[in-house]
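**Q** got a predicted structure here, sequence first:
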Amino acid sequence: MLLISDEIKKVYPEALLGILAIRHVCNPNQHEELDRCKLELENNLREKYAGLDKAYLKNMEPIKTYSDYYKRFKKTYHVLLQLESIVFKNKSIPKVASLVEAMFMAEIKNLLLTAGHDLDAIDLPIKLDVASGREKYIQLSGQGKDLIHNDMMVSDLQGITSSIIYGPDKRTQIKPDTRNVLFVVYAPPGIKKSKVLQHLQDIRNYVHIISPKSEVELLKVYEGKD
């Protein structure tokens, strides 16, 4: 399912990419049990980080590793901003379709960057690569975007499916009728393989709440030097 470019092996040999492919899922607008788990997670996060300030959050792992990566491209790690909004502003995880909520829940719990795709829209195999800066793709918003030189990206046989800095594409987005789903976890150098594996398992468990009969096709963490 995954190819790793020679460029990744040179530029980011210690990077990791987690892959989770699940078949026979459903994607309802709302799911009562998932909502309960989401509320519990939000309350746990507020309790866990109670009394801490933004400076502490910014310097804890894995946020610091992501923030250092984003800083090279003059960007801010958006998962940190989402965590701050939950902890300090009493906001909730965004209300979206259940498969995407399951991904968001694991993302905010483990603070690992994740992209979700409709697996049937992916023209396999996918490839982990480093952007040259000449690539273009359409973001979820519908906006065209030029990738940034040296950003990590994933593509399929039809084009870019996601990048760290600019996120997932529109072509392969999770839809209401998605029945097979793919989650891709980007981990820049410095993040432990065990953390990525646990994150994938958390996504799987949340998806299983929505779709008890779903089947995992692949759950694996790849290294850039593989």
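**A** Everything's here; your move.
**Q** Val207: which element?
**A** helix 193-210 (DSSP states H and E).
**Q** for that helix, packing partners?
**A** For helix 193-210, the helices and strands in contact under the criterion 3 or more C-beta pairs under 8 Å, 6 or more residues apart in numbering; DSSP states H and E are strand 16-23, helix 32-48, helix 98-110, strand 180-187, strand 215-223. In this view, the C-beta of every residue, glycine as well, is placed from N, C-alpha and C.
**Q** please produce TSV containing the ones you listed, extended by mean pLDDT, mean neighbour count and distance to Phe73.
**A** TSV is the format used below for the helices and strands packed on helix 193-210 (pLDDT from 0 to 100; neighbours: other C-beta atoms under 10 Å; distance: least, C-beta to C-beta, whole Å):
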stretch	mean pLDDT	mean neighbour count	distance to Phe73
strand 16-23	98	22	18
helix 32-48	97	13	27
helix 98-110	98	23	20
strand 180-187	98	25	13
strand 215-223	98	16	23
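**Q** counting neighbours, what do you get for Ala50?
**A** 8 (other C-beta atoms under 10 Å).
**Q** still on that earlier bit, output the helix holding Val207 as CSV, nothing but the C-alphas.
**A** The C-alpha coordinates for helix 193-210 follow below in CSV (Å, rounded to 0.1, in the frame of the first residue of the first chain):
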residue,chain,number,x,y,z
LYS,A,193,6.9,4.6,17.0
SER,A,194,5.0,3.3,20.0
LYS,A,195,3.1,6.6,20.2
VAL,A,196,2.0,6.4,16.6
LEU,A,197,1.0,2.8,17.0
GLN,A,198,-1.2,3.7,20.1
HIS,A,199,-2.7,6.5,18.1
LEU,A,200,-3.7,4.2,15.3
GLN,A,201,-5.3,1.8,17.8
ASP,A,202,-7.2,4.7,19.4
ILE,A,203,-8.6,5.7,16.0
ARG,A,204,-9.5,2.1,15.3
ASN,A,205,-11.3,1.8,18.7
TYR,A,206,-13.3,5.0,18.1
VAL,A,207,-14.3,3.9,14.6
HIS,A,208,-15.4,0.5,16.0
ILE,A,209,-17.9,2.4,18.3
ILE,A,210,-19.5,3.8,15.1
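**Q** tell me what the residue most central in space within the chain is bridged to.
**A** Central residue of the chain (C-alpha atoms, centre = their mean): Thr114, 0.3 Å from the mean position. Taking DSSP bridges as the rule, Thr114 bridges to Val185.
**Q** measure it to Lys175 for me?
**A** Per C-beta to C-beta, to the nearest Å, Thr114 is found 17 Å from Lys175.
**Q** one more: Ile138?
**A** Applying C-beta to C-beta, the value for Ile138 to Lys175 is 15 Å.
**Q** what's the answer for Asp68, then?
**A** Taken as C-beta to C-beta, the span from Asp68 to Lys175 is 34 Å.
**Q** what do you get for Thr76?
**A** 29 Å.
**Q** again with Asp118
**A** Remark: distance between Asp118 and Lys175 (C-beta to C-beta) = 6 Å.
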